[in-house]
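Chemist: Next one to model:
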Amino acid sequence: MVTGAAGSIGSEICRQVLHYKPKKLILLDQAESPLYDIQFELRNNEPYRSFNIPMEFVIGNVKDNVKMREIFAKFKPQIVYHAAAYKHVPLMEEFPYEAVFVNVLGTKNVADLAVEFGAEKFVMVSTDKAVNPTNIMGCTKRLAEIYVQSLGLALEHGDIKGTTRFVTTRFGNV
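Modeler: All right, here's what the predicted structure looks like:
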C-alpha cells in the first residue's frame, strides 16, 4: 500500500513497486483528480498495463483513523509506503494545524494500524527539512519520524506486541 499515491513521490513509488510484481498494489490518496490520473496512467500505459497486477485505487485521508482502519482491515497490507504528507513550507506556515494533523497524527494513525494489522514493513517518506527543522513542515515531519522510530524501538524491546519493521527515508528538497 502506498499512502499519498497520487502525489509526486507516492506515484513514483507506485511505478517502481509495480516492476517488482506485487500480488496487489493499494493506492491511497485523498485527492480525487490526481488519483484518477495515476489510475488512468497505470491501467492504460506500458509497461504497467502488461504487468497484469491487481490495483485498488482508494480515496481516503490518513488523518481519518476510522477510514484508515477500514482500509487496513480490508486489505491487510504487507508493506506500507507512507508518502502522504503536506510538504509545502509556505502553506504550512500559514496552516500549522493542518501540518500537525496530517504529518504527525496521520503518520501515527497509519503506523499504529500497520502494527495492529501485522504489516511486515512500514517505510516513512520524510524530508531533509526534518534535520534541525526551522519551519512548521520540517518540525511536523521530525515529530512523525520520532514517533515512527519510537514505535519501532518499542516493538524491538517487546514493550508492545508486533513484528512490523520501520524504516525512514529522507528525500531532499521535498
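
Chemist: Run through the strands of the chain in chain order.
Modeler: 2-3, 25-29, 55-59, 79-82, 121-127, 165-171 (DSSP state E).

Chemist: Can you work out which other helices and strands pack against the second one?
Modeler: Counting by 3 or more C-beta pairs under 8 Å, 6 or more residues apart in numbering; DSSP states H and E, the packing neighbours recorded for strand 25-29 are strand 2-3, helix 8-18, helix 32-44, strand 55-59, helix 65-75. All C-beta spots, glycine's among them, are computed from the backbone N, C-alpha and C.

Chemist: which regions of this structure sit below the pLDDT cut-off?
Modeler: 173-174 (pLDDT under 70).

Chemist: redo that, cut-off 50
Modeler: Scanning the chain for pLDDT under 50 picks out the ranges 174.

Chemist: Select the longest helix from it.
Modeler: helix 136-156 (DSSP state H).

Chemist: distance of residue 164 from residue 102?
Modeler: Distance of residue 164 to residue 102, computed by C-beta to C-beta, to the nearest Å: 21 Å.

Chemist: same deal with residue 25?
Modeler: On the measure of C-beta to C-beta, residue 25 and residue 102 end up 22 Å apart.

Chemist: same question, residue 55
Modeler: According to C-beta to C-beta, residue 55 stands 24 Å off from residue 102.

Chemist: I'd like to check which residues are in contact with residue 50.
Modeler: Contacts for residue 50 were tallied using C-beta atoms under 8 Å, 6 or more residues apart in numbering; there are none.

Chemist: Residue 103: neighbour count?
Modeler: Residues within reach of residue 103, counting by other C-beta atoms under 10 Å, total 29.
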